[in-house]
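Peer 1: Okay, sequence plus prediction incoming.
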Amino acid sequence: MPESLMLEEPSQAVLRDARKLVRSKERRAAGKFLAEGRQAVREALKVPGVVESLFLRWSSARDNVDLVELARAGGVPVYGVSEQNLATMSDTVTPQGVIAVCEEVDISLSELMGTKRKNPAVPKKKSKHQRRDVSLVVICAQIRDPGNAGTVIRCADAFGADAVILSSDSVEVYNPKVVRASVGSLFHLPIVRDVPLEQAIGACRAAGMQILATDGDAGTDLTDLEADLGEPTAWVMGNEAWGLPSESLELADHTVAVPIYGQAESLNLATAAAICLYASATAQRATGQAASSAEQPSLPVADAEPAAQ
(Lines give C-alpha, C1' and ligand atoms only; values in the text may rest on other atoms or scores of the structure.)
Protein backbone atom coordinates (compact mmCIF):
# COMPACT_ATOMS: atom_id res chain seq x y z
CA MET A 1 0.00 0.00 0.00
CA PRO A 2 1.41 3.47 -0.86
CA GLU A 3 2.73 5.46 2.09
CA SER A 4 -0.01 8.06 1.56
CA LEU A 5 -2.57 5.33 2.32
CA MET A 6 -0.97 4.02 5.49
CA LEU A 7 -3.91 4.50 7.85
CA GLU A 8 -4.09 4.27 11.61
CA GLU A 9 -6.25 1.73 13.38
CA PRO A 10 -8.59 3.47 15.80
CA SER A 11 -8.57 2.63 19.46
CA GLN A 12 -11.65 1.09 21.04
CA ALA A 13 -12.35 4.42 22.74
CA VAL A 14 -12.30 6.27 19.40
CA LEU A 15 -14.62 3.68 17.85
CA ARG A 16 -16.96 3.78 20.84
CA ASP A 17 -17.25 7.59 20.73
CA ALA A 18 -18.00 7.54 16.99
CA ARG A 19 -20.61 4.79 17.32
CA LYS A 20 -22.49 6.78 19.95
CA LEU A 21 -23.22 9.49 17.40
CA VAL A 22 -25.70 7.26 15.59
CA ARG A 23 -28.11 8.14 18.43
CA SER A 24 -29.71 11.59 18.66
CA LYS A 25 -29.28 11.86 22.44
CA GLU A 26 -25.56 11.21 22.16
CA ARG A 27 -25.16 13.70 19.31
CA ARG A 28 -26.73 16.45 21.35
CA ALA A 29 -24.63 15.62 24.40
CA ALA A 30 -21.39 15.60 22.40
CA GLY A 31 -22.19 18.48 20.06
CA LYS A 32 -21.03 16.28 17.17
CA PHE A 33 -22.55 14.30 14.32
CA LEU A 34 -21.64 11.90 11.51
CA ALA A 35 -21.33 12.77 7.82
CA GLU A 36 -21.33 9.81 5.44
CA GLY A 37 -20.40 9.59 1.77
CA ARG A 38 -17.67 11.14 -0.37
CA GLN A 39 -19.47 14.36 -1.26
CA ALA A 40 -20.61 15.22 2.26
CA VAL A 41 -17.21 14.39 3.75
CA ARG A 42 -15.34 16.33 1.08
CA GLU A 43 -17.40 19.45 1.71
CA ALA A 44 -16.98 19.08 5.48
CA LEU A 45 -13.20 18.75 5.11
CA LYS A 46 -13.09 22.01 3.15
CA VAL A 47 -14.27 23.90 6.24
CA PRO A 48 -11.46 24.37 8.79
CA GLY A 49 -12.17 22.87 12.18
CA VAL A 50 -15.36 20.99 11.31
CA VAL A 51 -14.08 17.43 10.91
CA GLU A 52 -12.67 15.79 14.03
CA SER A 53 -11.78 12.42 12.50
CA LEU A 54 -12.22 10.46 9.28
CA PHE A 55 -12.96 6.73 8.97
CA LEU A 56 -12.40 4.77 5.76
CA ARG A 57 -13.25 1.18 5.03
CA TRP A 58 -9.94 -0.55 4.33
CA SER A 59 -11.16 -1.83 0.97
CA SER A 60 -12.16 1.67 -0.21
CA ALA A 61 -9.01 3.52 0.85
CA ARG A 62 -7.50 3.54 -2.65
CA ASP A 63 -10.66 5.18 -4.01
CA ASN A 64 -10.41 8.03 -1.50
CA VAL A 65 -6.82 9.22 -1.73
CA ASP A 66 -8.04 12.79 -2.28
CA LEU A 67 -10.01 12.71 0.98
CA VAL A 68 -7.04 11.29 2.87
CA GLU A 69 -4.80 14.07 1.55
CA LEU A 70 -7.40 16.75 2.31
CA ALA A 71 -7.86 15.43 5.84
CA ARG A 72 -4.15 15.23 6.58
CA ALA A 73 -3.59 18.72 5.21
CA GLY A 74 -6.05 19.92 7.84
CA GLY A 75 -4.54 17.87 10.65
CA VAL A 76 -7.49 15.45 10.77
CA PRO A 77 -6.64 11.88 11.86
CA VAL A 78 -7.59 9.24 9.29
CA TYR A 79 -8.49 5.73 10.44
CA GLY A 80 -8.87 2.48 8.54
CA VAL A 81 -11.71 0.25 9.76
CA SER A 82 -13.31 -3.03 8.80
CA GLU A 83 -16.67 -3.34 7.08
CA GLN A 84 -18.14 -4.54 10.38
CA ASN A 85 -16.85 -1.58 12.37
CA LEU A 86 -17.94 0.92 9.73
CA ALA A 87 -21.45 -0.57 9.77
CA THR A 88 -21.78 0.25 13.47
CA MET A 89 -21.38 3.96 12.63
CA SER A 90 -23.98 3.98 9.83
CA ASP A 91 -27.75 3.60 9.69
CA THR A 92 -27.72 2.55 6.03
CA VAL A 93 -28.10 -0.99 4.74
CA THR A 94 -24.95 -0.56 2.64
CA PRO A 95 -22.49 1.93 4.19
CA GLN A 96 -20.70 4.09 1.65
CA GLY A 97 -17.24 3.43 3.05
CA VAL A 98 -16.46 6.99 4.19
CA ILE A 99 -17.64 8.53 7.48
CA ALA A 100 -16.48 11.68 9.27
CA VAL A 101 -17.08 12.80 12.84
CA CYS A 102 -18.01 16.49 12.63
CA GLU A 103 -18.56 19.39 15.01
CA GLU A 104 -22.04 20.97 14.95
CA VAL A 105 -22.26 23.82 12.45
CA ASP A 106 -25.60 25.52 13.24
CA ILE A 107 -25.77 29.12 14.42
CA SER A 108 -28.27 31.07 16.50
CA LEU A 109 -31.05 33.23 15.07
CA SER A 110 -29.40 36.36 16.47
CA GLU A 111 -26.10 35.43 14.81
CA LEU A 112 -27.86 35.01 11.50
CA MET A 113 -29.65 38.33 11.61
CA GLY A 114 -26.84 40.39 13.07
CA THR A 115 -23.58 38.87 11.94
CA LYS A 116 -21.91 36.68 9.36
CA ARG A 117 -19.22 34.07 9.71
CA LYS A 118 -16.32 34.45 7.34
CA ASN A 119 -17.22 30.84 6.62
CA PRO A 120 -20.78 30.26 7.88
CA ALA A 121 -20.13 26.60 8.63
CA VAL A 122 -17.14 27.08 10.95
CA PRO A 123 -17.95 25.59 14.38
CA LYS A 124 -19.20 28.10 16.94
CA LYS A 125 -16.14 27.98 19.17
CA LYS A 126 -13.87 28.82 16.21
CA SER A 127 -16.09 31.26 14.34
CA LYS A 128 -15.37 34.88 13.45
CA HIS A 129 -18.14 37.26 12.48
CA GLN A 130 -18.85 40.22 10.28
CA ARG A 131 -22.02 42.05 9.29
CA ARG A 132 -24.24 40.47 6.67
CA ASP A 133 -27.42 41.27 4.81
CA VAL A 134 -30.05 38.54 4.66
CA SER A 135 -32.38 38.62 1.68
CA LEU A 136 -33.57 35.05 1.10
CA VAL A 137 -34.39 32.55 3.84
CA VAL A 138 -36.47 29.39 4.02
CA ILE A 139 -38.21 28.54 7.29
CA CYS A 140 -39.15 24.88 7.74
CA ALA A 141 -42.12 24.66 10.08
CA GLN A 142 -42.41 21.30 11.83
CA ILE A 143 -40.91 19.36 8.93
CA ARG A 144 -40.61 15.76 10.10
CA ASP A 145 -39.25 13.89 7.08
CA PRO A 146 -35.42 13.87 7.11
CA GLY A 147 -35.20 13.42 3.34
CA ASN A 148 -37.32 16.52 2.79
CA ALA A 149 -35.33 18.58 5.30
CA GLY A 150 -32.01 17.64 3.73
CA THR A 151 -33.29 18.32 0.22
CA VAL A 152 -34.62 21.75 1.23
CA ILE A 153 -31.16 22.59 2.59
CA ARG A 154 -29.62 21.46 -0.68
CA CYS A 155 -32.09 23.52 -2.73
CA ALA A 156 -31.50 26.58 -0.56
CA ASP A 157 -27.79 26.21 -1.17
CA ALA A 158 -28.27 25.74 -4.92
CA PHE A 159 -30.39 28.86 -5.30
CA GLY A 160 -28.18 31.10 -3.17
CA ALA A 161 -30.40 31.44 -0.10
CA ASP A 162 -28.79 33.04 2.94
CA ALA A 163 -29.99 30.49 5.49
CA VAL A 164 -32.35 27.69 6.43
CA ILE A 165 -34.27 27.91 9.71
CA LEU A 166 -35.81 24.77 11.20
CA SER A 167 -38.55 25.51 13.71
CA SER A 168 -39.09 23.73 16.97
CA ASP A 169 -40.49 20.21 16.52
CA SER A 170 -38.81 19.81 13.14
CA VAL A 171 -36.59 16.82 12.43
CA GLU A 172 -33.10 17.04 13.92
CA VAL A 173 -30.79 18.66 11.38
CA TYR A 174 -27.99 16.22 12.28
CA ASN A 175 -30.14 13.15 11.69
CA PRO A 176 -27.98 10.99 9.36
CA LYS A 177 -30.67 10.99 6.66
CA VAL A 178 -30.86 14.80 6.73
CA VAL A 179 -27.08 15.04 6.40
CA ARG A 180 -27.01 12.56 3.50
CA ALA A 181 -29.92 14.21 1.67
CA SER A 182 -28.20 17.60 1.86
CA VAL A 183 -25.26 16.07 -0.09
CA GLY A 184 -22.75 18.44 1.50
CA SER A 185 -24.89 21.60 1.41
CA LEU A 186 -25.20 21.46 5.20
CA PHE A 187 -21.63 22.81 5.24
CA HIS A 188 -22.27 25.64 2.78
CA LEU A 189 -24.83 27.95 4.37
CA PRO A 190 -26.00 28.95 7.85
CA ILE A 191 -28.48 26.64 9.55
CA VAL A 192 -30.61 27.74 12.51
CA ARG A 193 -32.53 25.10 14.46
CA ASP A 194 -35.04 24.69 17.29
CA VAL A 195 -36.59 28.16 16.97
CA PRO A 196 -40.31 28.77 17.61
CA LEU A 197 -42.00 29.62 14.31
CA GLU A 198 -43.35 32.94 15.59
CA GLN A 199 -39.86 33.99 16.68
CA ALA A 200 -38.32 33.04 13.34
CA ILE A 201 -40.96 34.95 11.38
CA GLY A 202 -40.65 37.95 13.68
CA ALA A 203 -36.88 38.09 13.25
CA CYS A 204 -37.13 37.87 9.47
CA ARG A 205 -39.77 40.59 9.34
CA ALA A 206 -37.67 42.82 11.62
CA ALA A 207 -34.78 42.32 9.19
CA GLY A 208 -36.91 43.76 6.39
CA MET A 209 -38.11 40.57 4.74
CA GLN A 210 -41.60 39.90 3.48
CA ILE A 211 -43.09 36.64 4.73
CA LEU A 212 -44.51 34.27 2.12
CA ALA A 213 -46.18 31.09 3.34
CA THR A 214 -47.06 28.19 1.08
CA ASP A 215 -50.70 27.07 1.09
CA GLY A 216 -51.77 24.78 -1.71
CA ASP A 217 -55.47 25.19 -0.95
CA ALA A 218 -56.04 28.93 -0.63
CA GLY A 219 -52.84 30.68 -1.57
CA THR A 220 -52.37 33.22 -4.34
CA ASP A 221 -50.90 31.70 -7.48
CA LEU A 222 -47.10 32.02 -7.45
CA THR A 223 -47.16 33.46 -10.96
CA ASP A 224 -49.26 36.39 -9.74
CA LEU A 225 -46.61 37.42 -7.20
CA GLU A 226 -43.84 38.02 -9.71
CA ALA A 227 -43.63 41.76 -8.94
CA ASP A 228 -43.02 41.05 -5.23
CA LEU A 229 -40.53 38.20 -5.51
CA GLY A 230 -37.57 40.51 -6.01
CA GLU A 231 -37.93 41.83 -2.47
CA PRO A 232 -36.07 40.28 0.51
CA THR A 233 -38.15 37.21 1.36
CA ALA A 234 -38.58 34.51 3.96
CA TRP A 235 -40.46 31.47 2.63
CA VAL A 236 -42.35 29.44 5.23
CA MET A 237 -42.84 25.79 4.33
CA GLY A 238 -45.25 23.72 6.43
CA ASN A 239 -45.43 20.13 7.55
CA GLU A 240 -45.56 17.43 4.85
CA ALA A 241 -48.90 16.04 6.03
CA TRP A 242 -50.94 19.00 7.25
CA GLY A 243 -49.13 22.08 5.96
CA LEU A 244 -49.37 25.26 8.02
CA PRO A 245 -52.15 25.80 10.56
CA SER A 246 -54.36 28.86 10.15
CA GLU A 247 -52.66 30.73 13.01
CA SER A 248 -49.31 30.35 11.25
CA LEU A 249 -50.72 31.42 7.89
CA GLU A 250 -52.03 34.58 9.53
CA LEU A 251 -48.45 35.57 10.37
CA ALA A 252 -47.55 35.76 6.69
CA ASP A 253 -47.85 38.78 4.41
CA HIS A 254 -49.07 36.52 1.60
CA THR A 255 -50.07 32.90 1.25
CA VAL A 256 -48.82 31.36 -1.97
CA ALA A 257 -49.76 28.29 -4.00
CA VAL A 258 -47.51 26.67 -6.59
CA PRO A 259 -49.74 26.15 -9.66
CA ILE A 260 -50.24 22.59 -10.83
CA TYR A 261 -51.23 22.33 -14.47
CA GLY A 262 -51.34 18.55 -14.73
CA GLN A 263 -53.30 15.93 -12.84
CA ALA A 264 -50.99 15.46 -9.81
CA GLU A 265 -52.83 16.02 -6.55
CA SER A 266 -49.95 17.90 -4.91
CA LEU A 267 -46.21 18.49 -4.86
CA ASN A 268 -43.64 17.04 -2.51
CA LEU A 269 -42.63 19.65 0.08
CA ALA A 270 -39.02 19.81 -1.10
CA THR A 271 -40.15 20.18 -4.71
CA ALA A 272 -42.42 23.08 -3.80
CA ALA A 273 -39.58 24.68 -1.83
CA ALA A 274 -37.26 24.37 -4.83
CA ILE A 275 -39.77 26.10 -7.12
CA CYS A 276 -40.37 28.95 -4.66
CA LEU A 277 -36.69 29.49 -3.95
CA TYR A 278 -35.81 29.44 -7.64
CA ALA A 279 -38.51 32.02 -8.37
CA SER A 280 -37.24 34.32 -5.62
CA ALA A 281 -33.57 33.85 -6.49
CA THR A 282 -34.19 34.68 -10.15
CA ALA A 283 -36.28 37.75 -9.31
CA GLN A 284 -33.80 39.02 -6.72
CA ARG A 285 -30.94 38.79 -9.17
CA ALA A 286 -32.97 40.68 -11.72
CA THR A 287 -33.60 43.50 -9.24
CA GLY A 288 -30.16 43.46 -7.63
CA GLN A 289 -31.38 42.29 -4.21
CA ALA A 290 -29.20 39.17 -4.13
CA ALA A 291 -25.83 39.52 -2.47
CA SER A 292 -24.08 37.26 -4.97
CA SER A 293 -23.52 37.69 -8.71
CA ALA A 294 -26.34 38.82 -10.97
CA GLU A 295 -26.29 35.61 -12.98
CA GLN A 296 -29.54 33.70 -13.15
CA PRO A 297 -29.21 30.42 -11.25
CA SER A 298 -29.12 27.24 -13.29
CA LEU A 299 -31.50 24.44 -12.45
CA PRO A 300 -29.81 21.60 -10.55
CA VAL A 301 -28.69 18.49 -12.40
CA ALA A 302 -28.75 14.87 -11.32
CA ASP A 303 -26.56 13.75 -8.45
CA ALA A 304 -23.09 12.51 -9.10
CA GLU A 305 -23.50 10.61 -5.83
CA PRO A 306 -27.12 9.73 -4.94
CA ALA A 307 -27.98 10.12 -1.29
CA ALA A 308 -28.39 6.77 0.42
CA GLN A 309 -31.66 6.03 2.12
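Peer 2: That came in fine, so what should we check first?

Peer 1: From here on, just use CA atoms for contacts and neighbour counts.
Peer 2: Noted.

Peer 1: How are the helices of this structure distributed by residue range?
Peer 2: Using DSSP state H, the helices found in the chain span residues 12-20, 24-30, 38-45, 65-73, 83-87, 109-114, 146-158, 176-182, 197-206, 246-249, 269-287.

Peer 1: Now mean neighbour count and distance to residue 100 too, for these, in TSV please.
Peer 2: Shown next, in TSV, are the helices of the chain (neighbours: other C-alpha atoms under 10 Å; distance: least, C-alpha to C-alpha, whole Å):
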stretch	mean neighbour count	distance to residue 100
helix 12-20	15	9
helix 24-30	14	13
helix 38-45	23	6
helix 65-73	17	10
helix 83-87	16	11
helix 109-114	17	26
helix 146-158	25	18
helix 176-182	26	11
helix 197-206	17	31
helix 246-249	14	38
helix 269-287	21	26
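
Peer 1: Let's have those in TSV, adding distance to residue 213 and mean pLDDT.
Peer 2: Converted to TSV, those look like this (distance: least, C-alpha to C-alpha, whole Å; pLDDT from 0 to 100):
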stretch	distance to residue 213	mean pLDDT
helix 12-20	38	96
helix 24-30	30	96
helix 38-45	30	96
helix 65-73	41	94
helix 83-87	41	93
helix 109-114	19	91
helix 146-158	15	97
helix 176-182	23	96
helix 197-206	10	96
helix 246-249	6	90
helix 269-287	10	93
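
Peer 1: Enumerate every residue touching residue 287.
Peer 2: residue 230 (C-alpha atoms under 8 Å, 6 or more residues apart in numbering).

Peer 1: Against residue 173, how distant is residue 192?
Peer 2: Residue 192 is 9 Å from residue 173, where distance means C-alpha to C-alpha, to the nearest Å.

Peer 1: Need the overlap of contacts for the two.
Peer 2: Shared contacts of residue 192 and residue 173, defined by C-alpha under 8 Å, 6+ apart, comprise residue 166.

Peer 1: Please tabulate the helices of the chain in JSON lines, including the columns distance to residue 56.
Peer 2: JSON lines is the format used below for the helices of the chain (distance: least, C-alpha to C-alpha, whole Å):
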{"stretch": "helix 12-20", "distance to residue 56": "12"}
{"stretch": "helix 24-30", "distance to residue 56": "21"}
{"stretch": "helix 38-45", "distance to residue 56": "10"}
{"stretch": "helix 65-73", "distance to residue 56": "9"}
{"stretch": "helix 83-87", "distance to residue 56": "8"}
{"stretch": "helix 109-114", "distance to residue 56": "34"}
{"stretch": "helix 146-158", "distance to residue 56": "24"}
{"stretch": "helix 176-182", "distance to residue 56": "17"}
{"stretch": "helix 197-206", "distance to residue 56": "39"}
{"stretch": "helix 246-249", "distance to residue 56": "45"}
{"stretch": "helix 269-287", "distance to residue 56": "31"}
